[in-house]
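# have a look; sequence and predicted model below, questions after that.
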Amino acid sequence: MATTAQPVPPPFTAHDYRGRMERVVADAVAVGLDGGVLVTPGPDLVWLTGYQPTAITERLTLLLLSPNREPTLLAPRLERPDVEAAAGAAALTIYDWTDGSDPYAAAGEFLDPVGRYGISDSAWAMHLLGLQALLPATRYRAMTQCLPMLRAVKDDAELARLAAAGAAADSTFLEVVKLRFAGRPETEVAADLAGLLREFGHEQVDFTVVGSGPNGANPHHEAGERVIQVGDSVVLDFGGLMNGYGSDTTRTVSVGEPSAELVRVHGIVREAQQAAFEAVRPGLPCQEIDRVARAVITAAGYGDQFIHRTGHGIGVTTHEPPYIVEGEQQLLLPGMCFSIEPGIYLSGRFGVRIEDIVTVTTEGGLRLNTTDHGLAVVS
């Protein structure tokens with residue numbers, strides 16, 4: 001199989017990272033975080049600075065973004081050269097600490113002893129407890145709770161990366177359906193998906209769900225040794241990171257000619273997915289997209305078999321805010337990207353799911369996955 005190399009986008013610049021940091025500080029002030037935000041290794045730190053430790057260890061690494069001082073990053077001294085090489089380092093005041101010294105005391109040199117902070121969801125509990133022990137008057141809120149839209153609205157460069165990742169996932173699907181399914185274990189098809197994602201440019205594969213027959217009724221089924229049979233439906237859900245940004249798409253295929261019931265259920269899910277997509281527009285609460293998809297499935301008599309939210313955000317991770325679920329009143333904004341993935345799951349029999357990544361535009365929604373939603377027949 002010949003693949004076409006995807007052009008590598010230009011890297012983000014120090015200017016890009018500084019703009020993100022400034023936006024986060026403004027958002028923190030707006031929600032009453034007078035101390036600012038504390039960012040530990042994980043997706044937030046990568047997005048804000050371009051710095052990702054080679055391994056997330058027990059050593060404290062902490063970025064402070066505060067209205068009261070310039071961006072400040074504390075890191076272990078042995079990792080300082082890597083920090084200084086990061087694209088966003090020009091915007092940072094860098095502190096370091098050495099093994100054998102107290103990293104929390106080092107952090108206390110630039111933290112407000114009575115400040116209110118947002119802190120990364122990925123922060124280690126021992127680090128948060130260490131900061132609280134040093135500065136007992138400080139207060140902390142989880143980042144998803146206080147700044148849920150931190151990374152939700154993408155700029156043009158981010159959207160281009162997401163579009164390229166989506167196109168690579170689409171190419172993966174178009175190739176995998178050419179392969180034989182019947183008589184092979186799910187794990188072999190999952191390996192095909194992973195290999196194709198990498199051939200089309202992904203540097204990281206996060207998941208390859210292959211749910212055949214009754215296994216398709218488990219939305220997060222791990223591919224196993226079940227041998228796929230003629231007459232099965234197979235849920236294929238796969239994605240990962242390409243140029244640092246995520247892909248995630250699902251299609252359901254039939255091994256041989258589908259039964260009338262599978263055709264009917266697939267048609268309902270397809271209608272629900274399309275209706276939810278058509279509802280996307282700026283200013284609409286996230287929960288309304290979930291309600292639209294759910295209404296179609298419920299009206300068809302399968303409401304109890306739609307057992308998960310309609311979607312999740314995507315960016316530098318494959319799951320992030322916003323979440324397309326009942327109770328989420330965050331308004332859709334241009335530049336947000338999320339999945340629309342309704343499904344019906346008939347326990348012990350089969351499942352159907354269709355998923356695209358969608359971005360909000362000023363006029364509505366734009367799909368980043370464009371492969372046919374029809375029920376593909378594979379051999």
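All right, it came through fine.
# I'd say Phe200 and Ala165 touch.
No. Taking Cβ atoms under 8 Å as the definition, Phe200 is not a contact partner of Ala165, at 9.4 Å. Where you see a C-beta, it was placed from the backbone N, CA and C, and this is true even at glycine.
# with neighbour numbers in mind, choose between those two.
Ala165 (31 against 23; other Cβ atoms under 10 Å).
# so that one sits in a strand?
No. Read with DSSP: H, G, I helix; E, B strand; the rest coil, Ala165 is helix and lies in no strand.
# I'd say it and His202 touch.
Yes. Between Ala165 and His202 there is a contact under Cβ under 8 Å: 7.3 Å.
# per-residue pLDDT, Thr4?
With respect to pLDDT, Thr4 scores 57.
# same check on the one 3 residues further on?
Model confidence at Pro7, given as pLDDT, is 75.
# buried residues in stretch 114-130, which are they?
Gly115, Arg116, Tyr117, Gly118, Ile119, Ser120, Ala123, His127, Leu128, Gly130 (16 or more other Cβ atoms under 10 Å).
# same check, this time on stretch 80-99
Neighbour counts over stretch 80-99 (16+ other Cβ under 10 Å) mark Val83, Ala86, Ala87, Gly88, Ala89, Ala91, Leu92, Tyr95, Asp96, Trp97 as buried.
# among these, which are in strands?
Counted as lying in strands by DSSP state E, out of these, are Tyr95, Asp96, Trp97.
# what residues are bridge-paired with the last one?
Each beta-bridge partner of Trp97 is listed here, defined by DSSP bridges: Pro76.
# same check on Ile344?
Per DSSP bridges, the residues bridged to Ile344 are Val352.
# that one: neighbour count?
24.
# now the helices for this protein?
Using DSSP state H, the helices of the chain run over 14-30, 43-49, 80-85, 103-108, 125-134, 143-146, 156-176, 186-199, 260-279, 286-299.
# including distance to Arg349, could the ones you listed go into TSV?
TSV is the format used below for the helices of the chain (distance: least, Cβ to Cβ, whole Å):
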stretch	distance to Arg349
helix 14-30	47
helix 43-49	37
helix 80-85	51
helix 103-108	54
helix 125-134	42
helix 143-146	36
helix 156-176	23
helix 186-199	17
helix 260-279	9
helix 286-299	16
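# if I read this right, Asp248 contacts Thr318, doesn't it?
Yes. Between Asp248 and Thr318 there is a contact at 5.2 Å, judged by Cβ under 8 Å.
# more neighbours, the two?
Shown here are Asp248 and Thr318; by other Cβ under 10 Å, Asp248 has more neighbours (26 against 21).
# which non-adjacent residue is nearest the more buried one?
Excluding the flanking residues, the one nearest Asp248 by Cβ to Cβ, 6 or more residues apart in numbering is Gly239, at 3.7 Å.
# and the one you found, bridged to which residues?
Taking DSSP bridges as the rule, Gly239 bridges to Phe207.
# just the one 10 residues further on next, same as before
According to DSSP bridges, the residues that bridge with Thr249 are Phe238.
# so who does it touch?
With contact set as Cβ atoms under 8 Å, 6 or more residues apart in numbering, Thr249 has these partners: Gly166, Ala169, Asp170, Phe173, Asp237, Phe238, Gly239, Glu355, Asp356, Ile357, Asn369, Thr371.
# distance to Tyr17 added to those residues, as CSV?
Formatted as CSV, the contacts of Thr249 follow (distance: Cβ to Cβ, whole Å):
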residue, distance to Tyr17
Gly166, 24
Ala169, 27
Asp170, 30
Phe173, 34
Asp237, 32
Phe238, 30
Gly239, 25
Glu355, 31
Asp356, 30
Ile357, 24
Asn369, 29
Thr371, 34
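# write the ChimeraX selection for whichever of these are buried.
Buried subset of the contacts of Thr249, written as a ChimeraX selection, criterion 16+ other Cβ under 10 Å:
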select :166,169,170,173,237,238,239,355,356,357,369,371
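# how close does Glu188 sit to Thr49?
If you measure Glu188 against Thr49 using Cβ to Cβ, to the nearest Å, the figure is 40 Å.
# these two - which one has more neighbours?
Taking neighbours as other Cβ under 10 Å, Glu188 and Thr49 compare with Thr49 leading, 26 against 17.
# isn't that one up against Leu64?
No. Using Cβ under 8 Å, Thr49 makes no contact with Leu64, being 11.8 Å away.
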